[in-house]
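> below: sequence and its predicted model.
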Amino acid sequence: MKNKILLSIISLIFTITQGIYSQDIMPSVYIKNISGKSINSKTTYNKKGLTVYSFWATWCVPCINELDNIHKEIEKWNEANVKIIAISTDDSRTKRRIRPLVNGKKWGFEILLDENQALKRALNISGIPHTIVTKGNRIIYRKMGYKPGEENDLYEFILKNSIAKN
């Protein structure tokens, strides 16, 4: 009986804590574009559709694989009226690798830099790759990690939740 009560209390605390720490609106944090200009994260979302935020780093192989696979299908994704933003979480030690990597990959989406990881912290992101989808500024999807083919599941989610398709 004591174990059931203790388990119930722990479960209740976990549920309340998850509610407190879960984020359902994109926070207002200043990050930089690849040219170094400071911008507010609240201004980045697609006002006429969905926005996919992919948090990545130059040293993260699954992150690069996910972004490469999304890039391969970029025309199809654009038809779904989705804006894709890759947000680098590289710090001062690895940030010099971002521009050469992006230039070499020729990814067809916006690249932003979260150098001090303020946006990552504000969204309670504990690991990368981490994908967030917003409708306006409201978060409607979150996923951590990547396995080949999961970009197709993400695209299906986008199609089902798209505001306006071309």
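Nice, thanks for sending it over.
> for the protein, which segments count as strands?
Using DSSP state E, the strands found in the chain span residues 30-33, 38-40, 50-56, 82-88, 110-113, 130-135, 138-144.
> how about these in JSON lines, adding mean neighbour count?
Where you see a C-beta, it was placed from the backbone N, CA and C, and this is true even at glycine. Formatted as JSON lines, those follow (neighbours: other Cβ atoms under 10 Å):
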{"stretch": "strand 30-33", "mean neighbour count": "16"}
{"stretch": "strand 38-40", "mean neighbour count": "11"}
{"stretch": "strand 50-56", "mean neighbour count": "24"}
{"stretch": "strand 82-88", "mean neighbour count": "23"}
{"stretch": "strand 110-113", "mean neighbour count": "18"}
{"stretch": "strand 130-135", "mean neighbour count": "21"}
{"stretch": "strand 138-144", "mean neighbour count": "14"}
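> for Glu66, find the nearest of those strands.
Smallest distance to Glu66 across the strands of the chain (Cβ to Cβ): 6.5 Å, for strand 50-56.
> now render the strands of the chain as JSON lines, adding distance to Phe157.
Formatted as JSON lines, the strands of the chain follow (distance: least, Cβ to Cβ, whole Å):
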{"stretch": "strand 30-33", "distance to Phe157": "25"}
{"stretch": "strand 38-40", "distance to Phe157": "26"}
{"stretch": "strand 50-56", "distance to Phe157": "9"}
{"stretch": "strand 82-88", "distance to Phe157": "10"}
{"stretch": "strand 110-113", "distance to Phe157": "20"}
{"stretch": "strand 130-135", "distance to Phe157": "7"}
{"stretch": "strand 138-144", "distance to Phe157": "6"}
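> can you redo the ones you listed as TSV with distance to Gly104 and mean pLDDT?
Converted to TSV, these look like this (distance: least, Cβ to Cβ, whole Å; pLDDT from 0 to 100):
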stretch	distance to Gly104	mean pLDDT
strand 30-33	19	95
strand 38-40	24	95
strand 50-56	15	96
strand 82-88	14	96
strand 110-113	13	96
strand 130-135	22	96
strand 138-144	26	96
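> nearest to Lys120, of these?
Lys120 lies closest to strand 50-56 among those, at 6.2 Å (Cβ to Cβ).
> packing partners of that closest one?
helix 61-72, strand 82-88, strand 130-135, helix 150-161 (3 or more Cβ pairs under 8 Å, 6 or more residues apart in numbering; DSSP states H and E).
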